[in-house]
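# With the input below, show me the fold.
(chains A and B)
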Amino acid sequence: MTENNQEVAHIGKSVVIKGELSGSGDLFLDGEVEGTVDLKQNSVTIGPNGRVKAKVSAKSVVLEGKLEGNIVASERVEIRETANVTGDIVTKRIMIAEGAFFKGSVAQEGEPIA
Amino acid sequence: MGQMWNTLSSQEGLCVLDLGATSASNITRLTEMGHRIYSEDLLVASADPTLVSEAADGTRILDSTRFLAENLVYPAAHFDCVLAWSFADYMDESLVRPVVERLWSVTKPGGVLLAFFHMKDAGPDAPCYRYHLAGQDMLETQPLVSGKGASFKLQRVFNNRHIEGLFRDFSSIKFFLARYNIREALVIR
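Prediction:
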């Protein structure tokens, strides 16, 4: 549960999903996903075991695992030390920890992804 | 450095390529200035062990064709500014010229490239740095002492003639002396 008591859906590290993930709650994703993740009003966390090949749209995105794909986050993106991210990011605010791997572009929200 | 900063601060909406170790502050600063920043750590990519093979005579060969198929893959004339930092001093020699040729093709005509070169051999233990833009004529450096970056060794020292030869396809190059026996090269496509 988050501080505001909103439920967080949890996808464990042994789960593999191919297709579109959408909904209206926050998501903690520690498994393998290929497709799209569309949670525009919520936050998505890709955990340390997460392996995601997808376009991710969310309010905020926290990355600790591996992501190949573009991110559109209306509020913020946080790339933590253990993350490995390849893709283009459009967001208002971004934080990248030292040691994180990032290959791609970053633009402020409102700019189209080239 | 000052001229690069002037370019970055004189207009919005530039495409900027940062080829150094990922700098969160560069990403934040440049996006806040209204630019789109592309980050690609070339040295880490060049250290991919699967790029290396051995010739029949035992010579080590680095597959530059595959390296360029997987890295620096952008449309032609895409970037207004390239922050190349000191990659050329630390990269395997066989990759340096192909990388510079690719940088020429992905930089817009009139685009600006900033590179640093050692002026004298500081020994193989001269640390590679992460570079953070800190303002007009200001740069913060952070030695890479852990992770893959710590393994990069100074490979060679280019003199001015070598550097001019390396960037011969660009329209102009200016050299500036910086601190710590480093020379800056400001190259215009």
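
# Could I get the pLDDT score of residue B:88?
The per-residue pLDDT reported for residue B:88 equals 95.

# measure it to residue B:32 for me?
For residue B:88, the distance to residue B:32 equals 29 Å [CB to CB, to the nearest Å]. Bear in mind the C-beta positions are built from the backbone N, C-alpha and C, glycine included.

# Neighbour count: those two, which is higher?
residue B:88 (26 against 10; other CB atoms under 10 Å in any protein chain shown).

# for chain A, which strand is longest?
strand A:32-46 (DSSP state E).

# CA atoms only: put it into CSV for me.
Extracted in CSV, the C-alpha atoms of strand A:32-46 (Å, rounded to 0.1, in the frame of the first residue of the first chain):
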residue,chain,number,x,y,z
GLU,A,32,9.3,-9.8,-17.6
VAL,A,33,7.0,-7.7,-19.8
GLU,A,34,7.0,-7.2,-23.6
GLY,A,35,4.4,-4.9,-25.2
THR,A,36,3.1,-1.6,-23.7
VAL,A,37,2.5,-0.3,-20.2
ASP,A,38,-0.2,2.4,-20.1
LEU,A,39,-0.9,3.8,-16.6
LYS,A,40,-1.1,7.5,-17.4
GLN,A,41,-2.6,8.5,-14.0
ASN,A,42,-0.4,6.3,-11.9
SER,A,43,3.1,5.4,-11.1
VAL,A,44,5.1,2.5,-12.4
THR,A,45,8.1,1.0,-10.7
ILE,A,46,10.3,-1.5,-12.6
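
# what's it packed up against?
If you count contacts as 3 or more CB pairs under 8 Å, 6 or more residues apart in numbering or on different chains; DSSP states H and E, strand A:32-46 packs onto strand A:16-22, strand A:26-29, strand A:51-63.

# tell me the angle of it relative to strand A:16-22?
With axes from the mean of the first three to the mean of the last three CA atoms, to 10 degrees applied, the angle from strand A:32-46 to strand A:16-22 works out at 50 degrees.

# Give me the contact list for stretch B:64-78.
A:114, B:15, B:17, B:38, B:40, B:42, B:45-46, B:48, B:51, B:94-95, B:98-99, B:102-103, B:105-109, B:111 (CB atoms under 8 Å, 6 or more residues apart in numbering or on different chains).

# Nearest residue to residue B:34 in space, ignoring adjacent ones along the chain?
residue B:12 (3.4 Å; CB to CB, 6 or more residues apart in numbering or on different chains).

# What about that neighbour, how many residues nearby?
With other CB under 10 Å as criterion, residue B:12 counts 9.

# so who does it touch?
B:33-35.

# Would it be right to say that it lies in a helix?
No: counting by DSSP: H, G, I helix; E, B strand; the rest coil, residue B:12 falls outside a helix, being coil.

# Give me the pLDDT value at it.
89.

# Which residue, other than its chain neighbours, is closest to whichever residue of chain B sits closest to chain A?
Here chain B gets closest to chain A at one residue, residue B:24, 3.8 Å apart by CB to the nearest CB. Spatially, and ignoring its direct neighbours in sequence, residue B:24 is nearest to residue A:96 (3.8 Å; CB to CB, 6+ apart).

# which residues does the one you found form a beta bridge with?
With DSSP bridges as the criterion, residue A:96 is bridged to residue A:79.

# Strands of chain B, residue ranges please.
Under DSSP E, chain B gives strands at B:15-18, B:36-39, B:52-54, B:60-62, B:79-85, B:107-118, B:129-135, B:138-143, B:172-177, B:182-188.

# mind giving me a markdown table with those and columns for mean neighbour count and distance to residue A:60?
Below are the strands of chain B laid out as a markdown table (neighbours: other CB atoms under 10 Å in any protein chain shown; distance: least, CB to CB, whole Å):
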| stretch | mean neighbour count | distance to residue A:60 |
| --- | --- | --- |
| strand B:15-18 | 25 | 24 |
| strand B:36-39 | 25 | 20 |
| strand B:52-54 | 10 | 40 |
| strand B:60-62 | 12 | 40 |
| strand B:79-85 | 23 | 28 |
| strand B:107-118 | 20 | 33 |
| strand B:129-135 | 18 | 25 |
| strand B:138-143 | 15 | 27 |
| strand B:172-177 | 12 | 42 |
| strand B:182-188 | 19 | 38 |
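
# For residue A:50, find the nearest of these.
For the strands of chain B, proximity to residue A:50 was assessed by CB to CB; strand B:36-39 is nearest, at 20.9 Å.

# Appreciated, that's everything.
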